[in-house]
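Student: predicted structure and sequence below. I'll ask about it afterward.
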Amino acid sequence: MTASTTKTRTYAADDSAFSNAQIGYAPMIDTAEAGDAALRYLELTWREAEPEEGVYAWEAISEKYDFASLREQGIHLVLRFVCDVPGQETHLDIPDWLYAQTKDGSWYDTDYGKGYSPNYANAVFRAAHHRVLYALAEFLGRDNFVSYVELGSLGHWGEWHIKSKEGLVPMPDEAIRDEYAADYLAAFPTAKLLMRRPFNIAAKHQLGLYNDMTGEEKDTMEWLGWIAEGGWYGDEPHALSAMPTFWQDAPVGGEFTSSLSMRDMLRKELPRTLHLLEASHMSFIGPKTASIKYAKGYNAVLKQLGYRLRVTELKLTPCADGVCAELTVANEGAAPFYWEWPVNLYVEDAAGSTLYTACLPLSLPKLMPGDSQKASVKLEGADAQELLSGGWKRRSPKHLTIGIVDPMTGRDAVRFAMKAEQKNGRTTLL
């Protein structure tokens, strides 16, 4: 090869399983077994957030979960704000002051556990919820630290269902439920929002969905049926909308069911588990994640989650005052990358210092599974021209790398699923 000819390279796929930005496992935020997961799951009760009316415990929460360290590491959050988490003991998950102002919910002791289910239609409750949600969004900031918000607030575990047949105050009607959803939409404009079911408002605003019965065939197929056909929610015949292709624009999350053992899901019935994940187009699982004890299943599930990007071909062609680079980028995963993060090409010296940066005109959210895109950019200057000076056996004095920048940290954060050197968040192309 000479500098006057086009230099072409192709790259083989890396079939291994690995954690990656915005996808994979999302273990509980305070677990000691998070490993290298790029996500953490935060279930925050109203009781913890606002112990006194108008007095928020943000500083204590930030210190408790070490938000500063998570941000620095480039770890993002999956957030669910909850008002009722069934437990083994009688307890409140809303603040005492709010209970004193309302007291029209239901204390319960069911097969779910014990707790208190508020009356979500109560006007005082709704107004207070509006205030705390906006305060929570302001505290967490607009720096993309929170990647996903699962619309909680209503129902047991924030899953928008109540055991009303056992005498508990039922879920509010659609108009009131939509008020809660509208608050989330306004309070978290930069996060991806997910609902437990394909409610009409989810279809209207192209929200994501989550399945907290992941791995359980019957319940997951019912969930997929709602997505395919819409239909009933409780006594409401048209509360759910068909959203068969929503995953092309909005993410899928959820956690593994507690009704099956990890041995069943990750070993005995692993093919079934993978099939359900594939049909769901899931990007993340948490806080109940796969057990590393079953390494084969753990890795197989991890590999099935979210996008898998690969540069399949690179062409470098000499042009006036530089080099023209054309890349073919494929997505060989189960879902798109849902954020317009910058994709950059870097010309580096032998020590890895960046000499030149070019933003590649590539829209990651439009790169669907099974598809590829071509993108071209001009790399200007003598440093870029040196990329073509290497022959078959002689390395170029300069290197070309690719990286995808996380706006929260300003650092390259996405690993490409290809057999090439990975360093400092970048993948070496040449």
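Tutor: Yes, it's here. These numbers were taken from a predicted model, which means no experiment stands behind them.

Student: let me see the ranges of the strands in the stretch 151-300 of the chain.
Tutor: Assigned by DSSP state E, counting those that start in this stretch, the stretch 151-300 of the chain shows strands spanning 192-195, 208-214, 231-233, 236-240, 252-256, 284-285.

Student: what are the contacting residues of the last one?
Tutor: Contacts with strand 284-285, where a contact means CB atoms under 8 Å, 6 or more residues apart in numbering, come from 22-26, 39, 78, 148, 214, 251, 253-256, 301, 305-306. In short, each C-beta sits where N, CA and C put it, glycine included.

Student: out of the strands of the stretch 151-300 of the chain, deepest packed?
Tutor: Of all the strands of the stretch 151-300 of the chain, strand 284-285 has the most neighbours on average by mean count of other CB atoms under 10 Å, namely a mean of 29.

Student: direction included, what does it pair up with?
Tutor: Strand 284-285 sits in its sheet next to strand 24-25 (parallel), going by DSSP bridges.

Student: identify all contacting residues around the strand it pairs with.
Tutor: 19, 35, 37-39, 284-286, 289-290, 302, 305-306.

Student: stretch 256-274 too?
Tutor: Counting by CB under 8 Å, 6+ apart, residues outside stretch 256-274 touching it are 212-217, 219, 285, 288-291, 293-294, 296-298, 300-301, 304.

Student: for this structure, which residues score under the pLDDT cut-off?
Tutor: Applying pLDDT under 70 to the chain flags the ranges 1-4, 390-396.

Student: which other helices and strands contact the host helix or strand of residue 139?
Tutor: Residue 139 is part of helix 123-140, with elements assigned from DSSP states H and E. If you count contacts as 3 or more CB pairs under 8 Å, 6 or more residues apart in numbering; DSSP states H and E, helix 123-140 packs onto helix 46-49, strand 76-82, helix 96-102, helix 174-187.

Student: including distance to residue 414, could the strands of the stretch 151-300 of the chain go into JSON lines?
Tutor: Listed next are those as JSON lines, based on distance: least, CB to CB, whole Å:
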{"stretch": "strand 192-195", "distance to residue 414": "16"}
{"stretch": "strand 208-214", "distance to residue 414": "20"}
{"stretch": "strand 231-233", "distance to residue 414": "37"}
{"stretch": "strand 236-240", "distance to residue 414": "34"}
{"stretch": "strand 252-256", "distance to residue 414": "19"}
{"stretch": "strand 284-285", "distance to residue 414": "15"}
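
Student: which one of those strands lies nearest to residue 82?
Tutor: Smallest distance to residue 82 across the strands of the stretch 151-300 of the chain (CB to CB): 12.3 Å, for strand 208-214.

Student: how about the closest one as PDB, C-alpha atoms only?
Tutor: Coordinates of each C-alpha in strand 208-214 appear next as PDB, following Å, rounded to 0.1, in the frame of the first residue of the first chain:
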ATOM      1  CA  GLY A 208     -40.400   2.800  27.400                       C
ATOM      2  CA  LEU A 209     -41.800  -0.200  29.400                       C
ATOM      3  CA  TYR A 210     -40.400  -2.500  32.100                       C
ATOM      4  CA  ASN A 211     -41.200  -6.100  33.100                       C
ATOM      5  CA  ASP A 212     -40.600  -7.000  36.700                       C
ATOM      6  CA  MET A 213     -41.400 -10.700  35.900                       C
ATOM      7  CA  THR A 214     -38.500 -11.200  33.500                       C
END
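
Student: if we can go back for a sec, just the helices and strands packed on helix 123-140: most buried one?
Tutor: Note that of the helices and strands packed on helix 123-140, strand 76-82 is the most buried (mean count of other CB under 10 Å), with a mean of 24.

Student: who touches that one?
Tutor: Against strand 76-82 from outside (CB under 8 Å, 6+ apart): 21-22, 26, 29, 38-46, 49, 70, 93, 133, 136, 140, 144-150, 152-153, 157-158, 191, 253, 284, 286, 408.

Student: gap between the nearest residue to residue 308 once chain neighbours are set aside and residue 369?
Tutor: Take residue 308 and drop its neighbours on the chain: the residue closest to it by CB to CB, 6 or more residues apart in numbering is residue 333, 3.6 Å away. For residue 333, the distance to residue 369 equals 6 Å [CB to CB, to the nearest Å].

Student: give me the neighbour count for the nearest residue to residue 279 once chain neighbours are set aside.
Tutor: Computed as CB to CB, 6+ apart, the closest residue to residue 279 that is not its neighbour in sequence is residue 224, at 6.1 Å. Look at residue 224: counted by other CB atoms under 10 Å, it has 15 neighbours.

Student: so which strand or helix has residue 376?
Tutor: strand 372-380.

Student: same question but for residue 341, I mixed them up
Tutor: Applying DSSP H and E, one finds residue 341 in no helix or strand.

Student: same question, residue 311
Tutor: Judged by DSSP H and E, residue 311 forms part of strand 309-319.

Student: now the helix holding residue 139: buried residues?
Tutor: Across helix 123-140, burial judged by 16 or more other CB atoms under 10 Å covers 125, 126, 128, 129, 130, 132, 133, 135, 136, 137, 140.

Student: and the residues you listed, which is closest to residue 168?
Tutor: residue 125 (15.0 Å).

Student: quick one: residues contacting that closest one.
Tutor: Counting by CB under 8 Å, 6+ apart, residue 125 has contacts 98, 102, 118, 119.

Student: ok, now residue 101?
Tutor: Contacts of residue 101 by CB under 8 Å, 6+ apart are 124, 128.

Student: what residues does stretch 227-236 touch?
Tutor: By CB under 8 Å, 6+ apart, stretch 227-236 touches 164, 170-171, 173-174, 197-199, 209, 225, 237-244, 246.

Student: make it 10 Å
Tutor: 160-162, 164-165, 170-171, 173-174, 177, 197-200, 202-203, 209, 211, 225-226, 237-247, 252, 279-280 (CB atoms under 10 Å, 6 or more residues apart in numbering).

Student: now restrict these to buried residues only.
Tutor: 160-162, 170-171, 174, 177, 197-200, 202-203, 209, 211, 226, 239-241, 243, 246-247, 252, 280.

Student: give me the subset of the contacts of strand 76-82 lying in helices.
Tutor: When the contacts of strand 76-82 are checked against helices (DSSP state H), the matches are 46, 49, 70, 133, 136, 140.

Student: tell me how far the third one lies from residue 83.
Tutor: It stands for residue 70. Residue 70 is 25 Å from residue 83, by CB to CB.

Student: thanks again, I'm all set now.
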